[in-house]
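# Can you look at this prediction? I've put the sequence above it.
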Amino acid sequence: MRPRSSPCTARPPHDPDTAVTYARGMRPRPPLGLEIAAARGVAALSRRVGAGGGTTIPGKLLAQLDPGAIDRLAARLPAGTAVISATNGKTTTAAMAAEILRPRLRLAHNAAGANLVSGVATALLADADAELGLFEVDEGALPEVLGRLRPRAVCLGNLFRDQLDRYGELELVAERWRQAVGRLPEQAALVYNADDPQLAAVGEVHAGGVAFGLDDPRVARPVLQHAADSKYCVHCGTPYDYAAAYVGHLGDYRCPRGDHARPQLDVAAREIELHGLERASFALVTPEGSHRVDLDVPGLYNVYNAVGAAALARALGSGLDEIAAGLGRFSAAFGRFERVVAGDKRILLLLVKNPAGANEAIRTLLDGGAPRVLVIALNDEIADGRDVSWIWDVDFELLLPGLERLVAGGGRAAELALRFRYGGLAEDAIELEPELAAALDRGLELTPDSGELVVLPTYTAMLGLQGVLAARGLARPYWERAG
């Protein structure tokens, strides 16, 4: 009678990872190559049937097949990985860094903005020939991603109040970041926005961190904004004194009791020039010297994004000439001060999602002349945050003197209309169009020939509008244009 084989005498599979799984008595996982093929097939199918860009589903499938696959995929990259996180501007900062790095490195980059673990995994799957992984990462997902990728470099851009129902208070997010950064390998490079008091405290836990920020009081606000978030000393709770306040609570601060102050900047933007809605320029100052940088995107917040991208690229070995050239080539990330031609008119799309970002968008719009017609689309999907009370902390009143008509769109259009009515806009100047395509069409109808319609959407509203524009042939789907 033929003896029955046991797990101890059964012949092990050829794949070494599967062999380890057998040896540990666990269910064998498929070979990594098979998992990759399956996930890529799902991405192609998603795009083919019009279900989306396949920017997250492959990563979700891979996680089901093998929860540890993302770690092994990242370990395959010969130049390692770099991670960027922030409340505002991480998509733009990552796109700027990609523009700097791409001439000398093949990148795996989640350029379409899918920034959860599934999006990072999908980006790792997308390019088998990549040398460096460059990933923007959601604030809440950052601790897990850092632990799994063990990145070569990390850029932390800012922490503003955002989606409190998902993330909690800023202090909780900062503490999670602090713990995650404290577990980084000693050789990992950390660059952080020292103009943010919370990030300056996070930077203290990793030796050799590089502090970046702005150093030009000429472009600062005269006083701290009323909606500023981190304005109390992280050590004693005393209100900071600000020598310069740039965006929200970002600036040159010090505790009057001497318990905390902005660190000395290693990489800084000086001699900043803002040119309305068209562009900005500044002197990038580093320990190696300085270089003039010209950006084709406007706004002080884009100067912050550029300095963060420069500090990260420098940590990855880029020189000043390379950095300045890359930033000079950069054009707006999708939906972030992106212009789209619609017949003889233009549409200016500018994402807004929290008080600090919205107030800075308004500041930039006013620098270029207040819009007469404005479309704002407010959604409350999971990716936006269910709580839309943040609109009451936005300085919409600054737009009212030149505003003739507001078209309020999106799922929470009524609340937005109410906010503007309480702000002082006449009732007959407010139109309610919850459906995104209808709101866009009404805005274009009200825009004079050769004029530009300003559209301020929240995140999922921006994606919806991108879908409308793509369906009309005015723009390619965002996953095709990203990167």
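Thanks, I have it. Numbers count the residues shown, from 1 in each chain.

# alpha carbons only for contacts and neighbour counts from here, please
Will do.

# Low-confidence stretches in the stretch 1-150 of the chain?
Along the stretch 1-150 of the chain, the model assigns pLDDT under 70 to residues 1-67.

# now Asn158, nearest residue through space, not along the chain?
Spatial nearest neighbour of Asn158, excluding adjacent residues (CA to CA, 6 or more residues apart in numbering): Ala86 at 4.9 Å.

# got it, and Trp392?
Arg419 is the one closest to Trp392 (CA to CA, 6+ apart), at 6.7 Å.

# Using PDB, list the CA coordinates for stretch 68-75.
Extracted as PDB, the C-alpha positions of stretch 68-75 are listed here (Å, rounded to 0.1, in the frame of the first residue of the first chain):
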ATOM      1  CA  GLY A  68       3.200  41.700   2.100                       C
ATOM      2  CA  ALA A  69       3.600  42.200  -1.600                       C
ATOM      3  CA  ILE A  70       4.000  46.000  -1.400                       C
ATOM      4  CA  ASP A  71       7.000  45.600   0.900                       C
ATOM      5  CA  ARG A  72       8.700  43.200  -1.600                       C
ATOM      6  CA  LEU A  73       7.900  45.300  -4.600                       C
ATOM      7  CA  ALA A  74       9.400  48.400  -3.000                       C
ATOM      8  CA  ALA A  75      12.500  46.400  -2.000                       C
END
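
# What are the buried residues along it?
The neighbour-count check on stretch 68-75 (16 or more other CA atoms under 10 Å) flags 69-70, 73-75 as buried.

# Check the gap between the spatially most central residue of the chain and Leu73 for me.
Geometric centre of the chain, nearest residue: Lys90, 2.4 Å, by CA atoms, centre = their mean. Shown here: Lys90 relative to Leu73, a distance of 23 Å by CA to CA, to the nearest Å.

# swap in Leu214?
Leu214 is 36 Å from Leu73, by CA to CA.

# And for Gly258?
46 Å.

# In contact with the residue nearest to Asn158, which residues?
Neighbouring residues of Ala86 by CA atoms under 8 Å, 6 or more residues apart in numbering: 137-139, 156-159.

# let's see 10 Å
93, 136-139, 142, 155-160, 192-193, 305 (CA atoms under 10 Å, 6 or more residues apart in numbering).

# In terms of pLDDT, where does the closest residue to Ala437 other than its chain neighbours sit?
Of all residues not flanking Ala437 in the chain, Val468 sits nearest, at 6.4 Å (CA to CA, 6+ apart). pLDDT, Val468: 94.

# returning to that earlier point: will you turn the buried residues of stretch 68-75 into a markdown table that also has distance to His235 and secondary structure?
As requested, the buried residues of stretch 68-75 are exported to a markdown table (distance: CA to CA, whole Å; DSSP: H, G, I helix; E, B strand; the rest coil):
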| residue | distance to His235 | secondary structure |
| --- | --- | --- |
| Ala69 | 40 | helix |
| Ile70 | 37 | helix |
| Leu73 | 40 | helix |
| Ala74 | 37 | helix |
| Ala75 | 38 | helix |
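
# Nearest to Ala126 among those?
Leu73 (10.9 Å; CA to CA).

# these two touch, right, that closest one and Glu131?
No. Between Leu73 and Glu131 there is no contact under CA atoms under 10 Å: 11.4 Å.

# For Leu170, which non-adjacent residue is closest in space?
Distances taken as CA to CA, 6+ apart put Arg161 closest to Leu170, at 6.1 Å, once the chain neighbours are dropped.

# how close does the one you found sit to His249?
11 Å.

# do the same with Asp162
From Asp162 over to His249 (counting by CA to CA), the distance is 14 Å.

# circling back: would you agree the residue nearest to Ala437 falls within a strand?
No. Using DSSP: H, G, I helix; E, B strand; the rest coil, the assignment for Val468 is helix, not a strand.

# Run through the residues that contact it.
436-437, 440, 462, 474-475, 477.

# Show the buried residues in those residues.
Counted by 16+ other CA under 10 Å, the contacts of Val468 give 436-437, 440, 462, 475, 477 as buried.
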